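Engineer: fold the following.
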Amino acid sequence: MLRLLAKLVLAGAVLAALWLWVPVHGRTLAARWERAGSFPAFVERGWDELAGRGGEKPSADHRPTARSQARGAQGGSRARPTEAHTDADRRALDRVLADELRAHP
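Structural biologist: A predicted model of the protein is given here:
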């Protein structure tokens, strides 16, 4: 009996996760339920979508806009980034490496 109860709880948790977090064509079932307002409207819209009729596209406020984070404040510059190291930088690096090598023979 305890195993049956555990299975029912697990099945309920899976259904709740599907209802709340799995998007279908851009919206979760919970969002569709809120938008429909009533059970008959929810079922009718769902049936229409399954049948391929009246498949409304999700509105822009439900779908995040795609933005590239790779481009910084440079705008659309296509030049390759370059690194410039001075002789002082190289000498400092050599000094740090030499100190580390002396510390670990």
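Engineer: shaky segments in the protein?
Structural biologist: Scanning the chain for pLDDT under 70 picks out the ranges 54-77.
Engineer: that one: helices as residue ranges?
Structural biologist: Remark: helices assigned in the chain by DSSP state H are 2-21, 29-36, 39-51, 87-103.
Engineer: most tightly packed of these?
Structural biologist: helix 29-36 (a mean of 15; mean count of other CB atoms under 10 Å). For glycine as for every other residue, the C-beta is placed from the backbone atoms N, C-alpha and C.
Engineer: that older thread, Throw the helices of the chain into JSON lines and include distance to R80, thanks.
Structural biologist: Listed next are the helices of the chain as JSON lines, based on distance: least, CB to CB, whole Å:
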{"stretch": "helix 2-21", "distance to R80": "41"}
{"stretch": "helix 29-36", "distance to R80": "44"}
{"stretch": "helix 39-51", "distance to R80": "47"}
{"stretch": "helix 87-103", "distance to R80": "20"}
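Engineer: for the nearest residue to W19 once chain neighbours are set aside, give its distance to V22.
Structural biologist: Excluding its sequence neighbours, the residue lying closest to W19 (CB to CB, 6 or more residues apart in numbering) is L29, at 4.9 Å. In this structure, L29 and V22 are 8 Å apart, going by CB to CB, to the nearest Å.
Engineer: what's the answer for D87, then?
Structural biologist: The gap separating D87 from V22 is 58 Å, by CB to CB.
Engineer: now A36
Structural biologist: 17 Å.
Engineer: and if you look at W33?
Structural biologist: Distance from W33 to V22, by CB to CB: 14 Å.
Engineer: next one: E100
Structural biologist: Distance of E100 to V22, computed by CB to CB: 51 Å.
Engineer: please apply the same query to E83.
Structural biologist: For E83, the distance to V22 - CB to CB - is 45 Å.
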